[in-house]
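Peer 1: need coordinates for the below:
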Amino acid sequence: MSQSISKVYSEFRTGKMQLAHTMSVVTQLPPEMGAASGKVTYIDTEGTFRLDCIRSIAERFGVDGNMALENILYAHAFNSEHQMELISECSLRFAEDKDFRLLIVDSIMGLFRVDLSGRGELSERQQKVAQVMSKLTKLSEEFNIAVLITNQVQSNPGATMTFVAGGALKPIGGHILSHSSATRMFLRKGRAEERVAKLVDSPDRPESEVSYKLDEGGWTDV
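Peer 2: Okay, the predicted model is just below:
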């Protein structure tokens, strides 16, 4: 959804990276296919961006793989400060080129956890995360783009009701990320190769679940 932030969180091997890659291609599709016919900025903090994955997804949608890659502005952030700099630079890029429709940060908290991991640094970490989310919100509103962020989860010892989305797992980053994200989606493993995406919060859609699987073409129906 444009002019807002969507957050996808889950444990490993549930498809966060594949979703980010799939959206990098789908965003480029024409409006008659329900897309935005626009360019994508992809900030990779974990080094998981794969050219062959983009090409495979593009082939699935009948798009030339190299052309799809040309429409993705990619940057690899090496630490949290670099990540913040790259997000700030997006303002200049979006002002120069009005064709950008999606900004992806995969993942939003990974580098902050590495750089500011001690309990004594928690306050500083949360302040910087708040700055990043404020900047992302401003970018989405000023340039009419959608922002997709991915996030990891951690154990939630206080959870007593397993039917709550995530059960004993909760997204890292605290309430700052939740309050800044208009749409939140939790991914979990299902039976065998099945995966389940649960829409936890959305301003215009009810809570719901859908099953999917992962293959070379990204997310596909079960």
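Peer 1: from here on, contacts and neighbour counts on C-alpha atoms
Peer 2: Noted.
Peer 1: and the contacts of stretch 180-195?
Peer 2: Residues outside stretch 180-195 that contact it (Cα atoms under 8 Å, 6 or more residues apart in numbering) are 4-11, 14-16, 133-134, 137, 165-166, 178, 196-203, 211-214, 222.
Peer 1: phi and psi next, for the residue nearest the centre of the chain.
Peer 2: Residue closest to the mean C-alpha point of the chain, counted by Cα atoms, centre = their mean, is Ile149 at 2.8 Å. For Ile149, the backbone dihedrals (degrees, to the nearest 10) come out as phi -120, psi 140.
Peer 1: wait, it sits on Gly110?
Peer 2: No. When contacts are counted by Cα atoms under 8 Å, Ile149 is not listed as touching Gly110 (11.4 Å).
Peer 1: mind jotting down where the helices sit in this structure?
Peer 2: 16-26, 51-60, 65-70, 80-96, 110-115, 122-143, 175-180 (DSSP state H).
Peer 1: looking at those helices, which is buried most?
Peer 2: Comparing these by mean neighbour count (mean count of other Cα atoms under 10 Å), helix 16-26 comes out on top with a mean of 23.
Peer 1: next one: that one to chain centre, how far?
Peer 2: 9 Å (Cα atoms, centre = their mean, to the nearest Å).
Peer 1: try stretch 187-206
Peer 2: With Cα atoms, centre = their mean, you get 14 Å for stretch 187-206.
Peer 1: thinking again about what came up before, out of the helices of the chain, flag the one nearest Asp44.
Peer 2: Closest to Asp44 of the helices of the chain, according to Cα to Cα: helix 80-96, at 8.7 Å.
Peer 1: just the CA atoms of that closest one, as PDB, please.
Peer 2: The C-alpha trace of helix 80-96 is given here as PDB (Å, rounded to 0.1, in the frame of the first residue of the first chain):
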ATOM      1  CA  SER A  80      23.600   0.200  10.800                       C
ATOM      2  CA  GLU A  81      25.100   3.600  10.100                       C
ATOM      3  CA  HIS A  82      25.500   2.700   6.500                       C
ATOM      4  CA  GLN A  83      21.900   1.500   6.400                       C
ATOM      5  CA  MET A  84      20.700   4.900   7.800                       C
ATOM      6  CA  GLU A  85      22.800   6.700   5.200                       C
ATOM      7  CA  LEU A  86      21.300   4.700   2.300                       C
ATOM      8  CA  ILE A  87      17.800   5.400   3.500                       C
ATOM      9  CA  SER A  88      18.600   9.100   3.600                       C
ATOM     10  CA  GLU A  89      20.000   9.000   0.100                       C
ATOM     11  CA  CYS A  90      16.700   7.700  -1.200                       C
ATOM     12  CA  SER A  91      15.300  11.200  -0.900                       C
ATOM     13  CA  LEU A  92      17.600  12.400  -3.600                       C
ATOM     14  CA  ARG A  93      17.000   9.400  -5.800                       C
ATOM     15  CA  PHE A  94      13.200   9.600  -5.600                       C
ATOM     16  CA  ALA A  95      13.300  13.400  -6.200                       C
ATOM     17  CA  GLU A  96      15.300  12.800  -9.400                       C
END
